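Q: Quick one, structure for this:
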Amino acid sequence: MNRLIATLCLGVTLSLPLAARADEAADRVAAATTLVNKTLIKNLQAGFNVALEKTVAPMPEARAEAVRKELTDEFEKQRGIMVEGLSKEYAEKFSLAELKHLDEIYSDPTYLKFQTMNADPNSAVTAISQNSVTKLLNMLAVASATDNAPKTGAPPMPPAAAPAPTQK
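A: Now for the predicted structure:
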């Protein structure tokens, strides 16, 4: 009987750290999920909504509604995939204390003001960013299209020399 009690006590004692680690992991995933929803997904949702409305604006209303529904459904599907994947990844890379610290940063009123200004599609910040990004993307497209042209600053390649005649 004493042996049975000792075995049970040992089993319980050994399983406690495993349960604590499982709770810690679940807490990290929950904290990471909150963080992902508060930051990345919130910004993605705002950007998606603006882009969606710009896309459907010129469409007839019936077509616009169908496109809205289809794209919103797909966004929600992708949102779930991103939240789950990103939350697990962050939970693996950050401790619970670090995730809570990040949550405090993202909850700071000054940071929220900063993010609101950056997310506003009508702000000067957005216009400046969009203009610069558009210019850079256009430059990349031109560079890609002219990939076969001589490189800027590189001397032109001389024509291949004809083989020298052999002496008889």
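Q: what about Ala62, neighbour count?
A: Applying other CB atoms under 10 Å, we find 8 residues neighbouring Ala62. All C-beta spots, glycine's among them, are computed from the backbone N, C-alpha and C.
Q: Might you report the residue contacts of it?
A: Ala62 sits next to no residue when contact means CB atoms under 8 Å, 6 or more residues apart in numbering.
Q: Spit out the contact partners of the residue most central in space within the chain.
A: What sits nearest the mean C-alpha location of the chain, by CA atoms, centre = their mean, is Leu40, with 6.6 Å. Leu40 is in contact with Met82, Leu86, counting by CB under 8 Å, 6+ apart.
Q: again, but for Ala32
A: Under the criterion of CB under 8 Å, 6+ apart, the neighbours of Ala32 are Leu86, Ser87, Lys88, Glu89, Tyr90, Ala91, Phe94, Leu99.
Q: Which entries within those meet the buried criterion?
A: Burial by neighbour count, 16 or more other CB atoms under 10 Å: within those this picks out Leu86, Ser87, Lys88, Tyr90, Ala91, Phe94, Leu99.
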